[in-house]
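1. Quick one, what's the 3D model for this:
(chains A and B)
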Amino acid sequence: SQQGEEDPQALSIQEGENATMNCSYKTSINNLQWYRQNSGRGLVHLILIRSNEREKHSGRLRVTLDTSKKSSSLLITASRAADTASYFCATGVYNQGGKLIFGQGTELSVKP
Amino acid sequence: EAGVTQFPSHSVIEKGQTVTLRCDPISGHDNLYWYRRVMGKEIKFLLHFVKESKQDESGMPNNRFLAERTGGTYSTLKVQPAELEDSGVYFCASSPTHRLAGNTEAFFGQGTRLTVV
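-> Model (predicted):
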């Protein structure tokens, strides 16, 4: 089965609220990455967290990684309508040459 | 600096026809990857080039798919003959040197939306 599984599959919130998405994976990883896809566009890299890191911040984004539970979360604070998109976690598997294994994604809708 | 570019952005073809997708990676990136997202499902790895060599093609669905990367620059992905289940969005990504491949971000193109009717 697929390495990355995300929940929720869909999330609808009001502007200004926080959005939390979770990702679980199965095998040993080098890193875990989060990507965003706006409708009809390509994947945009948001943040990379290495397997020896536990938390990382980038602007309004906060990512945590718990390798003992094989899980990660992405928190978007003070959400905006422009944050509406699909969010994917992707794991860089150890010794796989940079190949990424993606989850099914979370569809985030931020209502103005 | 130009990002990863893919052509065409959309393609609609009939079942049984041939389609060739093209990807131009970021200049100097040794690693080039193809991925596919079928109808709202997860994004799946297809294959990985290091320069002109196929490093990993474990995700290629069947022998109707042929990928090439001539001279280690741009890459093409040909589907021949196309089937209905090949419809989806095909993404290309590139990243720098192989040594760093395991721990750097991959830069994705806008994708090619393929519809087989």
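2. drop to CA atoms for contacts and neighbour counts, all remaining ones
-> Noted.
3. Helix or strand for the spatially most central residue of chain B, just tell me which one.
-> The centroid of chain B falls nearest to B:Trp34 when counting by C-alpha atoms, centre = their mean (3.0 Å). Applying DSSP states H and E as the criterion places B:Trp34 in strand B:31-37.
4. Mind pulling up the pLDDT for B:Ala101?
-> Per-residue pLDDT puts B:Ala101 at 49.
5. hmm, I was thinking of B:Ser11
-> On the pLDDT scale, B:Ser11 gets 97.
6. Helix or strand: which one has it?
-> If you go by DSSP H and E, B:Ser11 is part of strand B:10-13.
7. try B:Phe49
-> Applying DSSP H and E as the criterion places B:Phe49 in strand B:43-50.
8. For the residue nearest to the centre of chain B, which residues are in contact?
-> Taking C-alpha atoms under 8 Å, 6 or more residues apart in numbering or on different chains, we find B:Trp34 in contact with B:Phe45, B:Leu46, B:Leu47, B:His48, B:Tyr90, B:Phe91, B:Cys92, B:Ala93.
9. Dump the residues you listed into a markdown table; add pLDDT, distance to chain A and neighbour count as well.
-> Converted to a markdown table, those look like this (pLDDT from 0 to 100; distance: C-alpha to the nearest C-alpha, whole Å; neighbours: other C-alpha atoms under 10 Å in any protein chain shown):
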| residue | pLDDT | distance to chain A | neighbour count |
| --- | --- | --- | --- |
| B:Phe45 | 94 | 7 | 23 |
| B:Leu46 | 96 | 9 | 21 |
| B:Leu47 | 95 | 8 | 19 |
| B:His48 | 94 | 7 | 27 |
| B:Tyr90 | 96 | 10 | 26 |
| B:Phe91 | 96 | 8 | 27 |
| B:Cys92 | 96 | 9 | 34 |
| B:Ala93 | 94 | 9 | 27 |
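10. Out of the residues you listed, which comes closest to A:Gln96?
-> Looking at the contacts of B:Trp34 and their distance to A:Gln96, the nearest is B:His48, at 9.9 Å (C-alpha to C-alpha).
11. Which residue, neighbours along the chain excluded, lies closest to that closest one?
-> Closest residue in space to B:His48, ignoring its immediate chain neighbours: B:Tyr33 at 4.5 Å, by C-alpha to C-alpha, 6 or more residues apart in numbering or on different chains.
12. Show me what that neighbour bridges to in the sheet.
-> Beta bridges link B:Tyr33 to B:His48, B:Ala93, judged by DSSP bridges.
13. and it, how many neighbours?
-> Other residues near B:Tyr33 number 28, with proximity taken as other C-alpha atoms under 10 Å in any protein chain shown.
14. re earlier: so what secondary structure elements neighbour the strand holding B:Ser11?
-> strand B:112-116 (3 or more C-alpha pairs under 8 Å, 6 or more residues apart in numbering or on different chains; DSSP states H and E).
15. got a list of contacts for the strand it packs on?
-> B:6-15, B:21, B:82-91.
16. Retrieve the pLDDT associated with B:Glu1.
-> At B:Glu1, pLDDT is 61.
17. now do A:Gly92
-> Confidence at A:Gly92, expressed as pLDDT, is 84.
18. The helix or strand encompassing it versus strand B:43-50: what angle between them?
-> Assigned by DSSP H and E, A:Gly92 belongs to strand A:85-93. In terms of direction (axes from the mean of the first three to the mean of the last three C-alpha atoms, to 10 degrees), strand A:85-93 departs from strand B:43-50 by 50 degrees.
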